[in-house]
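**Student:** pasted the sequence and its predicted model underneath.
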Amino acid sequence: MVKVLVNFELPGHLRQRLLDEAGSKAQFVFADDDAAALRAIVDAEVVFGIVSPEIFAAARKLRWYQSSVASQERYMFPALIDSDVQLTNMAGIYNEEIADHVYALILGLTRLIPRFTRNQDRRYWEPHGQFKAEYLMGKTIGIIGLGGIGGEVAKRAPTFGMRVVATRAHPGRPKPEYVDQVWGPEGLDELLRISDIVVNCTPETPRTRKLIGRRELALMKRTARLINIGRGAVVDLTALTEALQSGAIAGAGLDVYEIEPLPADHPLWGLQTAILTPHMASVTDIYPARRVEVFLDNLGRYLRGETLHNLVDKEDWH
């Protein structure tokens, strides 16, 4: 029987689901702290959760690590990268929720919601003629990273009458019918030049850190907005702040930041052209159950000797 260590917070009903659906094929150990995890990892073959360097060093039989999160940049370390332990992630479980959040940010910016929220706090009815909202029909949305989340963002765009252009790491794959143009990474500059809304859906990897900096922001239209729901380190926060303060771009909607939490004295907080949310685009009531569904599917594959879903390239972190 395969021993599985579960070492992240999991509600009781989902622990029970693991036992009900896979308990005859696996021995589950639920560790609620690092000390318990260190004891259990010694002879565990599978981990479902988060593996630190200390926990990994104590492992003797580990063959498969199912991360409980999608992005791995905070959890990669040399011993794991160099090992033959299979690493899988939670890619795909947040696609729809995060795409919804992207459009909340886009509509908030183009319909001037930050401005009107401030007016509401002041109980001020601003007269017509002092502001001008925008509609999305006819605009171009540029998606950096046409993967699972980027694809969901693209799929929703025609509903608003927007043209879709995108970049992705593997441009040779078939182009979705709702996307007008797809480039490889070399198409980023052109995407930035022609887009009215730029949405970063790119994960953090050694190749994508500060992918969007001063040079890239300078390529964007002065009327364009930047949405970042990928990873904070992909966008140079200082360069973005300067671009917003100077009016080099018209606005930004951010759920992820190069520095988290964003410091209370950071100038972004005071900008009416920015909407800031606290890295919560994926925080909904459904994703804990989705995590368990992904794990159970992969556990079946593992036990049958099949290829696992969501295998991570440990050199590229995704």
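**Tutor:** Nice, thanks for sending it over.
**Student:** when you work out contacts or count neighbours from here on, use the C-alpha atoms and nothing else.
**Tutor:** Fine.
**Student:** ranges for the helices of the stretch 151-300 of the chain?
**Tutor:** Shown for the stretch 151-300 of the chain, the helices assigned by DSSP state H, counting those that start in this stretch span residues 188-194, 214-219, 237-246, 287-304.
**Student:** just name the most buried of the ones you listed.
**Tutor:** By mean neighbour count, with neighbours taken as mean count of other CA atoms under 10 Å, helix 188-194 ranks first of the helices of the stretch 151-300 of the chain at a mean of 20.
**Student:** export only the CA atoms of stretch 25-42, formatted as PDB.
**Tutor:** C-alpha atoms of stretch 25-42 as PDB (Å, rounded to 0.1, in the frame of the first residue of the first chain):
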ATOM      1  CA  LYS A  25      -5.300   1.800  -2.100                       C
ATOM      2  CA  ALA A  26      -3.300   4.300   0.000                       C
ATOM      3  CA  GLN A  27      -2.400   4.900   3.600                       C
ATOM      4  CA  PHE A  28      -3.000   8.600   4.400                       C
ATOM      5  CA  VAL A  29      -1.100  10.500   7.100                       C
ATOM      6  CA  PHE A  30      -2.400  14.000   7.800                       C
ATOM      7  CA  ALA A  31       0.300  16.200   9.300                       C
ATOM      8  CA  ASP A  32      -0.800  19.500  10.800                       C
ATOM      9  CA  ASP A  33       2.700  20.900  11.500                       C
ATOM     10  CA  ASP A  34       6.200  20.500  10.300                       C
ATOM     11  CA  ALA A  35       7.300  18.200  13.100                       C
ATOM     12  CA  ALA A  36       4.600  15.700  12.200                       C
ATOM     13  CA  ALA A  37       5.500  16.000   8.500                       C
ATOM     14  CA  LEU A  38       9.100  15.400   9.300                       C
ATOM     15  CA  ARG A  39       8.200  12.200  11.100                       C
ATOM     16  CA  ALA A  40       5.900  11.000   8.400                       C
ATOM     17  CA  ILE A  41       8.000  11.800   5.300                       C
ATOM     18  CA  VAL A  42      10.700   9.300   6.200                       C
END
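**Student:** what about the spatially closest residue to residue 274 that is not a sequence neighbour, how many residues close to it?
**Tutor:** Leaving aside its sequence neighbours, residue 274 sits nearest to residue 252 (CA to CA, 6 or more residues apart in numbering; 4.9 Å). When neighbours are defined as other CA atoms under 10 Å, residue 252 has 28 of them.
**Student:** now do the strands in the stretch 101-250 of the chain.
**Tutor:** Secondary structure of the stretch 101-250 of the chain (DSSP state E, counting those that start in this stretch): strands at 140-144, 163-167, 181-183, 197-200, 225-228.
**Student:** kindly reformat the ones you listed as JSON lines containing distance to residue 122 and mean pLDDT.
**Tutor:** Putting the strands of the stretch 101-250 of the chain into JSON lines (distance: least, CA to CA, whole Å; pLDDT from 0 to 100) gives the following:
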{"stretch": "strand 140-144", "distance to residue 122": "34", "mean pLDDT": "98"}
{"stretch": "strand 163-167", "distance to residue 122": "38", "mean pLDDT": "98"}
{"stretch": "strand 181-183", "distance to residue 122": "44", "mean pLDDT": "97"}
{"stretch": "strand 197-200", "distance to residue 122": "30", "mean pLDDT": "98"}
{"stretch": "strand 225-228", "distance to residue 122": "26", "mean pLDDT": "98"}
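**Student:** out of those strands, flag the one nearest residue 289.
**Tutor:** Evaluated over the strands of the stretch 101-250 of the chain, closeness to residue 289 peaks at strand 225-228, with 25.9 Å, by CA to CA.
**Student:** contacts for the closest one next, please.
**Tutor:** Residues from elsewhere that reach strand 225-228 (CA atoms under 8 Å, 6 or more residues apart in numbering): 102, 105-106, 196-201, 235, 249-256.
**Student:** who's in contact with the residue most central in space within the chain?
**Tutor:** The residue lying closest to the centre of the chain (CA atoms, centre = their mean) is residue 230, at 4.3 Å. With contact set as CA under 8 Å, 6+ apart, residue 230 has these partners: 200, 201, 202, 203, 204, 256.
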